[in-house]
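>>> no sequence for this one, just the structure:
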C-alpha cells in the first residue's frame, strides 16, 4: 500500500500493543520488535492488514506485542499456519516469527517445504543458539562444543544447522542476515524482505544474554557482507558465501525470482449444483 | 413390491480388473433400475495382489451387506481363498471358476457351494486385446437378465477415453461372455423396476463428504495423502478450484492441520481429511483450534488400527482418540455419518457447527463408507451453511474472548480495522492476552465448554427409527446392517428401535433419555475390539436398561442375520 493513499502517517509506536514483553532485560528480541514496527511503519501497512504468526519460544511471543492481527500457535508450526493464511488471504501481509529451536528443530520439515513452496511470506528467525524458554538447552544452531546445556553436558557433538544455506538449497527467494543490535538496519532489510515476492528468510542474530552472555560480543563480530556479494542473484555465489562465512556476514545475501506459490481463487462455475452433475445417473 | 436383492462378488489377482468390472456392473444395473452399492476389498499392493469387488443390487435402497453371496466370479480361481471370510457362501451360492485359467489363475479353494466352470481366460484370448474380466461382465449380465443395451453405454463412457481398441475389445468380450453364459443358471430378478421420478445418484462416501463440505462452505483444504481418505482429497482437489477454493498438498499432517487453522483464522472455512495415523499426528493442533476458538473440520476416514494397521480395510476404532485424544480439557465436537449418502449431510452439518461454534469438529467416516459407491436416491438438501459470528463494529474496546449474551463471542477477521487480536494456544484473558491467572483459566474453560454443551443440535443428533422396548444403539457404518436387520424383523412383526448417533460429542443426556423412553433392553453394535463405543456410552449416559454388546474388530462387516441372531438369542436365552 502506498503511503500517499493514507490519511495519516502511521508511526512505529502505533504498531505496538500495550502488552509488556516477558523477555529478560537486555534480550535481543526487544530490538527485533522495534525493527518490525519500523518496517511496518516504513511500508505504511495498516495494522489490520498484517498478521504476525508464531509458534512457541521466547521470540514466538512477538505477536502479542504488536497491534496487528496475530496468531501464537503450537511449537514448530508457525510456517504452516502462515502458509494457510496467506494462501486463503493473499491480500494480507503475513510475517512469521520465531526462534532457532521452533523453526529449525521441531519445525524443520516445514522450513524446508515452505522454502520449496515459496509463498509470499516473510520469516524472521531470532537466532540465539539456545532454548531460552526452557532455560538453556542446546538448539540446532548451537556450537557442538558448548557444554552449558544441561541436556548435553558434554556438548552436542553434532554439526550446527546452517539455516541460510539450507534455505537457499530449498528454494527461499530472499535471504538475509541481520543483527538485533542494529535495529534500523534490520528494519530496512525487513522492508525489502516484505516487499520481495515469495518466501523471504531473515535470520536475526539476537543474543540471549541470560543463557549465552558471551553473545554480547556478537555486535563486534558481525560485519556487513562484501559489497559485491550483497543481494546477489547468483545462487552459486550465494552458496559459497553462506557456507564459508562462519555466520558473520550481515545484509541481503541472496535475491531470487522463483515463481510465487499463490493459487488463483476464482470460480469457474456459477453454482455448487454443477458439481452434482457427475453423480447424477 | 417384494424386495429382491442379489449379492455378487468378483475376485481376481494381478491387475485382473475386478474393480473396473464391479463398477461397470453397478452402473449398468443402475441404468436398468437397480439400487445397490459396490465396496472394495484389497490387499496392500499398489498393482497386483488379490482384490475383490463386492456388489449388492437391490430393488430398494440399501447400504448393508447381505448375509451371504448369491454369485461369485473367481476370475483367477485361487484369488477367492484370500476372501473366504469376507465372501460368505451358502449351499445355493454359485461360484463361477475358470479351469482354463492356467497356472497364473491357480486352484479354486474348497467351497461349500455350487461350482461351475466358464472359460473366461480362453474366451478372452479369442479377441485381440480381450480380457477375462469383460467375459465375466457379459456372463453376469446374462445370469441377472441385464440387457446389454444397459451395459454398452457404460462401457463406452468408461472405456472410450482409454482408446477405441480397448472399447471394441471389451464390447466383443462382453458379448462373448453373455453368449457363453446361456447354459448357466439365471437368477430371479424383477420383471420391472421401480423407476419412479426420484433422481438417483452414483456416489461414494468420500465424494459425498467432499460435496457436503463444499456445500457447507469449505473453500480451503490442506492434506497429506493417506488411504482410505485419498479419493476424497482427489475429488476436492479437482472440485474446489471450480468454486474459487483451493486444496494444498501439505508436507505432512502437522502442516495440514496448521494450514487449515491459518486459513480459517483468516476467515475462510477450512477442512482437512486423513485417516488414523495422520489424525494421531494432528491431535496437538486440534487442541490449539479448540483453545484459540478457530473453526476447523477434521474428517477421519477410519481404517484398522493401531499404528499402520490394515490401511485398506475398515474399522470403528478411532472413536477413543476422536473423543479423548486431545490433551487438557478440550471440548470439541465428534460427528459420524450413518450411511454412504449421509456423509454429505453429516459433513455439511460439521462445517456449519464448526463455524457457528468456533471450535474443532471431527467427523468419523470409515473405509467402508468412504470407498463404497452407492446407487441411491439423491440426498435431500439441507440448509446448513457456514455462518461465523463476526463483529459488525468496534465501538469501544474489542474483547475477542469475552463471554457476553452468548458463550460464542464474535470473531474478528484480519482486515477488519479495530478487531486486531492475537489468537493464542496459551491460556488467555478475554482480550486474548496470555494469562496464567486461575480466574481467566476457569472462565475460558467454561466458555469453550458451555458454547458447545448449551447449543441446540436439533433432530440431527441421532437417527431414531421404530418403537419397541428393545433398542439397538449403534453408530457409523454399523448402522447399515442394523437398519436392514431391524427392517427384516419389522416385516415379521417385531418392532425394535434403532438409535444411531450422529453426534457423539458433546453428549446429549436429555435427548438420549427421551430416545430410550420405555426401552428395557439395549443391544450395542460396534466394530471395535475393545468396545470403545460401549465404554463411551457407559461413561456418558445413564443406561438403565439391560445392556449387551455385539462387537468385533474390522475388517469383516456386520451381516444383518448376525444382528437378528443376537436379538433372537437374547429372547431365547441362547446368547448372553
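All right, it came through fine. Quantities reported herein were computed from a predicted structural model and do not represent experimental measurements.

>>> got any ranges where chain B has weak pLDDT?
Applying pLDDT under 70 to chain B flags the ranges B:1-2, B:46-48, B:197, B:573-576.

>>> Name all residues that make contact with residue B:380.
Going by Cβ atoms under 8 Å, 6 or more residues apart in numbering or on different chains, residue B:380 touches residue B:345. (Glycine included, C-beta is placed from N, CA and C.)

>>> Could you tell me how far it is located from chain A?
Plainly put, residue B:380 is 13 Å away from chain A if you go by Cβ to the nearest Cβ, to the nearest Å.

>>> just residue B:341 next, same as before
10 Å.

>>> I'd assumed residue B:374 was in contact with that residue.
Yes. The pair residue B:341 and residue B:374 qualifies as a contact (Cβ atoms under 8 Å) at a distance of 6.1 Å.

>>> Show me which of these two is the more surrounded one.
Between residue B:341 and residue B:374, residue B:374 has the larger neighbour count (other Cβ atoms under 10 Å in any protein chain shown), namely 29 against 25.

>>> Check which residues of the helix or strand containing that one are buried.
Assigned by DSSP states H and E, residue B:374 falls within strand B:373-377. Buried residues in strand B:373-377, counted by 16 or more other Cβ atoms under 10 Å in any protein chain shown: B:373-376.

>>> got CSV for the residues you listed, with distance to residue B:102 too?
As requested, the buried residues of strand B:373-377 are arranged in CSV below (distance: Cβ to Cβ, whole Å):
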residue, distance to residue B:102
B:373, 32
B:374, 36
B:375, 35
B:376, 40
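
>>> quick revisit: partner strands of whichever helix or strand comes after the strand holding residue B:374, with direction?
Sequence-wise, the next helix or strand downstream of strand B:373-377 (DSSP H and E) is strand B:422-424. Here strand B:422-424 has these sheet partners by DSSP bridges: strand A:69-72 (parallel).

>>> coming back round to it: keep only the buried residues of strand B:373-377 that also lie close to chain A.
Near chain A, judged by Cβ under 8 Å from any Cβ of the partner chain, the entries from those are residue B:375.

>>> tell me which of the buried residues of strand B:373-377 is nearest to chain A?
residue B:375 (7.2 Å; Cβ to the nearest Cβ).

>>> So what pairs up with the closest one in the strands?
With DSSP bridges as the rule, residue B:375 is bridged to residue B:36, residue B:202.

>>> wait, isn't residue B:135 in contact with residue B:176?
Yes. Counting by Cβ under 8 Å, residue B:176 is a contact partner of residue B:135 at 6.0 Å.

>>> all strands for the stretch 1-150 of chain A, in order.
For the stretch 1-150 of chain A, the strands defined by DSSP state E, counting those that start in this stretch occupy A:50-54, A:69-72, A:93-99, A:121-127.

>>> Kindly present the ones you listed as CSV, with separate columns for mean neighbour count and mean pLDDT.
Shown next, in CSV, are these (neighbours: other Cβ atoms under 10 Å in any protein chain shown; pLDDT from 0 to 100):
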stretch, mean neighbour count, mean pLDDT
strand A:50-54, 29, 98
strand A:69-72, 28, 98
strand A:93-99, 30, 98
strand A:121-127, 29, 98
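
>>> spatially speaking, which residue is in the middle of the chain?
This is for chain A. residue A:124 (1.7 Å; Cα atoms, centre = their mean).

>>> Can you look at chain B instead?
Centre-nearest of chain B using Cα atoms, centre = their mean is residue B:369, 2.1 Å out.

>>> That one: which element?
Using DSSP H and E, residue B:369 sits within helix B:367-370.

>>> List of residues touching that helix?
B:39, B:204-206, B:209, B:228-229, B:231-232, B:301-303, B:312-315, B:337, B:339-340, B:343, B:476-477, B:555, B:557.

>>> Ramachandran angles for residue A:148?
Backbone torsions of residue A:148, given as degrees, to the nearest 10, read phi -100, psi 0.

>>> quick one, phi/psi of the closest residue to it other than its chain neighbours?
Leaving aside its sequence neighbours, residue A:148 sits nearest to residue A:136 (Cβ to Cβ, 6 or more residues apart in numbering or on different chains; 6.7 Å). When quoted as degrees, to the nearest 10, the phi and psi of residue A:136 stand at phi 100, psi 40.

>>> isn't residue A:136 right next to residue A:142, touching?
No. Using Cβ under 8 Å, residue A:136 makes no contact with residue A:142, being 10.4 Å away.

>>> Mind listing the shared neighbours of the two?
Joint contacts of residue A:136 and residue A:142 (Cβ under 8 Å, 6+ apart) are A:130, A:149.

>>> so where's the stretch 151-281 of chain A shaky on pLDDT?
Low-confidence segments of the stretch 151-281 of chain A (pLDDT under 70): none present.

>>> If we use 90, what do you get?
Low-confidence segments of the stretch 151-281 of chain A, defined by pLDDT under 90: A:227-229, A:245-247, A:281.

>>> sorry, back to before: looking at residue B:135 and residue B:176 now, which is surrounded by more residues?
Set side by side, residue B:135 and residue B:176 show more neighbours around residue B:135, with 33 against 21, by other Cβ under 10 Å.

>>> can you pull the contacts of the more buried one?
Going by Cβ under 8 Å, 6+ apart, residue B:135 touches B:118, B:120, B:123-124, B:173-174, B:176-177, B:180.

>>> Also residue B:41?
B:51-52, B:54, B:83, B:86, B:312-313, B:555.

>>> Touching, residue A:34 and residue A:15? I think so.
No. Here residue A:34 does not reach residue A:15: they are 9.9 Å apart, not a contact under Cβ under 8 Å.

>>> Which of the contacts of residue B:41 lies at the shortest distance from residue A:51?
Lowest distance from residue A:51 to those (Cβ to Cβ) belongs to residue B:312, with 40.8 Å.

>>> The closest residue to residue B:43 other than its chain neighbours: which element?
In space, residue B:43 comes closest to residue B:49 once its chain neighbours are excluded; the distance is 4.3 Å by Cβ to Cβ, 6+ apart. Using DSSP H and E, residue B:49 falls within no helix or strand.

>>> For residue B:136, see how far away residue B:49 is.
Look at residue B:49 and residue B:136: by Cβ to Cβ, to the nearest Å, they are 19 Å apart.

>>> Those two: which is more packed in?
More crowded of residue B:49 and residue B:136, by other Cβ under 10 Å: residue B:136, with 31 against 15.

>>> is it true that that one lies in a strand?
No. Judged by DSSP: H, G, I helix; E, B strand; the rest coil, residue B:136 forms no part of a strand; its state is helix.

>>> Who are the contact partners of it?
B:10, B:21, B:73, B:75, B:96, B:118, B:120, B:177.

>>> what's residue B:254 sitting at in phi/psi?
Here residue B:254 shows phi and psi, under degrees, to the nearest 10, equal to phi -60, psi -40.

>>> what's around it, how many residues?
23.

>>> which residue packs closest to it, ignoring adjacent ones?
Nearest to residue B:254 is residue B:281, by Cβ to Cβ, 6+ apart, at 5.7 Å.

>>> what are the phi and psi angles of the one you found?
Residue torsions, per degrees, to the nearest 10, at residue B:281 are phi -60, psi -30.

>>> Check the one 3 residues further on too.
Here the main-chain torsion angles of residue B:284 (degrees, to the nearest 10) amount to phi -60, psi -40.

>>> For the closest residue to it other than its chain neighbours, list the residues it contacts.
In this structure, residue B:284 finds its nearest non-sequential neighbour in residue A:74, 5.5 Å apart by Cβ to Cβ, 6+ apart. Going by Cβ under 8 Å, 6+ apart, residue A:74 touches A:55-56, B:258, B:284-285, B:288, B:425.

>>> Fine by me, thanks again.
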